[in-house]
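[1] Sequence first, then the predicted structure:
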Amino acid sequence: MYSDPLLHSAARKTRSKSSLAHDVLRSAIISLKLQPGSRIDKSEICERLGLSRQPLSEALARLAEERLVAVEPQKGTYVTLISLSEVEEAAFVREALEVATIRRVAHDIDSETIDRLRLIVDYQSAAAAAGDHEEFYLLDVRFHAVLFARLALRRVAEVVESARAHTERIRRLLVPTQRNPATIVEHNVILAALAKRDGESAAEAMRIHLGNVLKGLHKFAAERPELFEP
């Protein structure tokens, strides 16, 4: 059903079982290992993760607050269908913060960071050519994460991560589509503006890029309505 690498790390020694269960399940939901609308088998999860029911219940309560699972009395616990309104709200938050971030970091961004971004885009091109959708997606996430790391404002990164849960499920579904070449072109336009230390051009390129992603989300929602809340 899903992998649980967190359970094999040193983090297990310092973090509560409920927090670990939350992180493992959240990752599985975002990565679509747990599909929208699928029922969560509590007994199976407890067995896989070596948990009692109490920490799992605490983890599921947190996921319910994040609107990633729904608890239906007498029926069970389910991964929520994707809410297009939640996606739009999360995309709005993400765009506002990413555009502001790139505008702020562009004027003094170092050559090492630009080289790192350029290498990521080169790897994305190779992943697209090889049809490696998972690698392409991970590189896409890394491209944007590098910019937030450059900003070095922890709370901003946390807000974006919170919003990301609702956008990334559908973005993963979009990866195998024909938007991958367009993503590479748009990333290169962003890179060109950053190389010139042109904050306004970089911000506009990011705004266009994220806007195009949202258009793709709407198109996909129309094609796969069974994955979305009515």
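    Yep, it's here.

[2] For the chain, which element, helix or strand, carries the lowest mean pLDDT?
    helix 154-174 (a mean of 79; mean pLDDT, DSSP states H and E).

[3] Buried residues of it, list them for me.
    156-157, 160, 163-171, 173-174 (16 or more other CB atoms under 10 Å). Bear in mind the C-beta positions are built from the backbone N, C-alpha and C, glycine included.

[4] Equivalent analysis for stretch 67-74, please.
    Neighbour-count burial for stretch 67-74 flags 68-70 (criterion: 16+ other CB under 10 Å).

[5] Spatially nearest residue to the most centrally placed residue in the chain (excluding sequence neighbours)?
    In the chain, the centroid-proximal residue (CA atoms, centre = their mean) is E168; its distance is 3.7 Å. Nearest residue to E168, sequence neighbours excluded (CB to CB, 6 or more residues apart in numbering): I30, at 4.9 Å.

[6] Please tell me I have it right and that neighbour contacts H166.
    No: between I30 and H166 there is no contact under CB atoms under 8 Å: 9.1 Å.

[7] Please list the residues outside stretch 104-116 that contact it.
    The set of residues external to stretch 104-116 that reach it, using CB atoms under 8 Å, 6 or more residues apart in numbering, is 146-147, 150-151, 191, 193-195, 197-199, 202-203.

[8] which residues sit in contact with L139?
    L139 neighbours (CB under 8 Å, 6+ apart): 120, 123-124, 127.

[9] Could you list the domains of this protein?
    According to automatic domain parsing, the chain comprises the domains 5-79, 84-227.

[10] mean confidence for the shortest one?
    On average, the pLDDT along domain 5-79 is 84.

[11] chain center to that domain: distance?
    Between the centre of domain 5-79 and the centre of its chain there are 17 Å (CA atoms, centre = their mean, to the nearest Å).

[12] What spatial separation is found between the residue nearest to R53 when sequence neighbours are not counted and D23?
    Nearest non-adjacent residue to R53, counting by CB to CB, 6+ apart: C46, 6.4 Å away. Separation of C46 from D23 (CB to CB, to the nearest Å) stands at 16 Å.

[13] same deal with P73?
    Per CB to CB, P73 is found 26 Å from D23.

[14] The most far-flung residue of the chain relative to its centre: what secondary structure?
    Residue distances from the centre of the chain (CA atoms, centre = their mean) peak at Q74, which lies 31.8 Å from the mean C-alpha position. Under DSSP: H, G, I helix; E, B strand; the rest coil, the three-state class of Q74 is coil.

[15] for it, what are its contacts?
    Contacts for Q74 (CB under 8 Å, 6+ apart) come out as none.

[16] quick one, phi psi at it?
    phi 70, psi 0 (degrees, to the nearest 10).

[17] what ranges do the strands span in this structure?
    Ranges of strands within the chain are 69-72, 76-79, based on DSSP state E.

[18] Distance to S38 for those strands - can I get that in a markdown table?
    A markdown table is the format used below for these (distance: least, CB to CB, whole Å):
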| stretch | distance to S38 |
| --- | --- |
| strand 69-72 | 10 |
| strand 76-79 | 5 |
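
[19] Do a quick rundown of the helices in the chain.
    In the chain, the segments counted as helices under DSSP state H are 17-30, 42-49, 53-65, 84-106, 111-130, 133-151, 154-174, 179-195, 199-223.

[20] Can you tell me which of these is packed in deepest?
    The highest mean neighbour count among the helices of the chain, using mean count of other CB atoms under 10 Å, belongs to helix 17-30: a mean of 20.
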